[in-house]
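Asks: this one's sequence-less:
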């Protein structure tokens, strides 16, 4: 199979998590500021879309060059072999961004790139008009410090849209970030796991999918499945392999609680959609009333903070309650994601380790507290 340069963009701070998954799939990769890149063929595209638990999407890198003018942008985009992918009936919308660059107008850049691709394809196919009624080849671009990178997106709806969460509570945590937290914690399904602010159930559900080795993209479809290069059984084979690798009989102890009964009901419904409801116990409870579930395990949560649901004073009182309550879990690891800068002050203890992560565009810190004695 023909090989491509593939790129998986991911939130800053989760590059190593995504790179490890790609490496596990059998591909050597490199990481640079929110991107993981590697060489792979059509099978790699299918495997990554179906199996990656973190990362935003799988992109085919078409080219990279410096452009200080629209003429340079047009000429360099036109040089790329778009006809290797896009047929004369296919659609090819363009979107992207520009940061710290001379070409700063995104609409103008979109227009120039579109015109360059049309010009190239017009010459190759001998037509002057494209109806764009066929499969969609979404062209993405980034311009950073005058360096233009152009891609074709294979994924479509981002990878965090697993399909089990059709609706959610306010300020949801992305599924990909939930898994990244789980991976960072080193939890492998071998210890009790609880999220006392479970909301719509994202963290416990991702924990269950991981512990049972259920591929997160097994039940959804991807944009590139409609492309001519995937008319064979590449995706069918990748899904069959993923199903063969599932370990649904694994014994796991996973809990999720929330003070909001509607959130708990939604979490149960989402777990059913993900086919892991029998592996998670959800219940309604105020965090101060949640009993220590085990002498050892993982407490992981994304509690309310300034931008999410509560005012500052309420958030500070809640963090104080959490500090006292979580102290009961002496031999458990505690991982808490929040954007509130003074978290440690009100929690009452400095974290053993802190890691910067992003939930969408919101900068957060993952505060990690390790057991008081060795497990």
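Replies: Cool, the structure landed. Note that the structure is predicted; figures quoted are calculated from it, not measured.

Asks: CA only for contacts and neighbour counts going forward, please
Replies: Noted.

Asks: where do the helices sit along the stretch 101-250 of the chain?
Replies: Counting by DSSP state H, counting those that start in this stretch, the stretch 101-250 of the chain has these helices, from start to end: 106-125, 175-185, 202-211, 234-244.

Asks: buried residues in the longest one, which are they?
Replies: By neighbour count, and taking 16 or more other CA atoms under 10 Å as the criterion, the buried residues in helix 106-125 are 106, 109-110, 112-114, 116-122.

Asks: for whichever helix or strand residue 16 is part of, buried residues please.
Replies: Residue 16 belongs to helix 15-24 when elements are defined using DSSP states H and E. Within helix 15-24, the residues that qualify as buried are 15, 16, 17, 18, 19, 21, 22, counting by 16+ other CA under 10 Å.

Asks: same list (the residues you listed) but as CSV, adding distance to residue 94 and pLDDT.
Replies: Rendered in CSV, the data for the buried residues of helix 15-24 read as follows (distance: CA to CA, whole Å; pLDDT from 0 to 100):
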residue, distance to residue 94, pLDDT
15, 26, 96
16, 29, 96
17, 29, 97
18, 26, 97
19, 27, 98
21, 29, 97
22, 27, 98
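
Asks: I'd like these laid out as a markdown table, including distance to residue 294.
Replies: Written out in a markdown table, the entries for these read as follows (distance: CA to CA, whole Å):
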| residue | distance to residue 294 |
| --- | --- |
| 15 | 32 |
| 16 | 30 |
| 17 | 28 |
| 18 | 31 |
| 19 | 33 |
| 21 | 30 |
| 22 | 34 |
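
Asks: from those residues, pick the one nearest residue 158.
Replies: Nearest to residue 158 among the buried residues of helix 15-24 is residue 18, at 14.5 Å by CA to CA.

Asks: so who does that closest one touch?
Replies: If you count contacts by CA atoms under 8 Å, 6 or more residues apart in numbering, residue 18 has them with 10, 36, 52, 53, 54, 55.

Asks: next, format those as CSV and append pLDDT and distance to residue 369.
Replies: Converted to CSV, the contacts of residue 18 look like this (pLDDT from 0 to 100; distance: CA to CA, whole Å):
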residue, pLDDT, distance to residue 369
10, 94, 25
36, 98, 29
52, 98, 27
53, 97, 24
54, 96, 23
55, 95, 25
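
Asks: identify the farthest-apart pair in the residues you listed.
Replies: For the contacts of residue 18, the farthest-apart pair by CA to CA is 36 and 53; their separation is 13.7 Å.

Asks: of these two, give the one with the bigger neighbour count.
Replies: Relative neighbour count places residue 53 above the other of residue 36 and residue 53, with 27 against 22, counting by other CA atoms under 10 Å.

Asks: so the more buried one touches residue 178, yeah?
Replies: No: checked against CA atoms under 8 Å, the pair residue 53 and residue 178 is beyond contact range at 9.2 Å.

Asks: the residue nearest to residue 41 when sequence neighbours are not counted - how many residues pack around it?
Replies: The shortest distance from residue 41 to any non-neighbouring residue, by CA to CA, 6 or more residues apart in numbering, is to residue 3 (4.3 Å). Neighbour count for residue 3, taken as other CA under 10 Å: 12.

Asks: same question, residue 366
Replies: As a measure of burial, residue 366 has 23 neighbours, counting by other CA under 10 Å.

Asks: what does residue 155 give?
Replies: Residue 155 is flanked by 23 other residues according to other CA under 10 Å.

Asks: residue 291 in helix, strand or coil?
Replies: coil (DSSP: H, G, I helix; E, B strand; the rest coil).

Asks: ok so, going back, which ones among the contacts of residue 18 lie within strands?
Replies: Of the contacts of residue 18, the ones assigned to strands by DSSP state E are residue 36.

Asks: on that earlier part again, show me what secondary structure element comes after the helix holding residue 16.
Replies: Next along the chain after helix 15-24, with elements defined by DSSP H and E, is strand 29-32.
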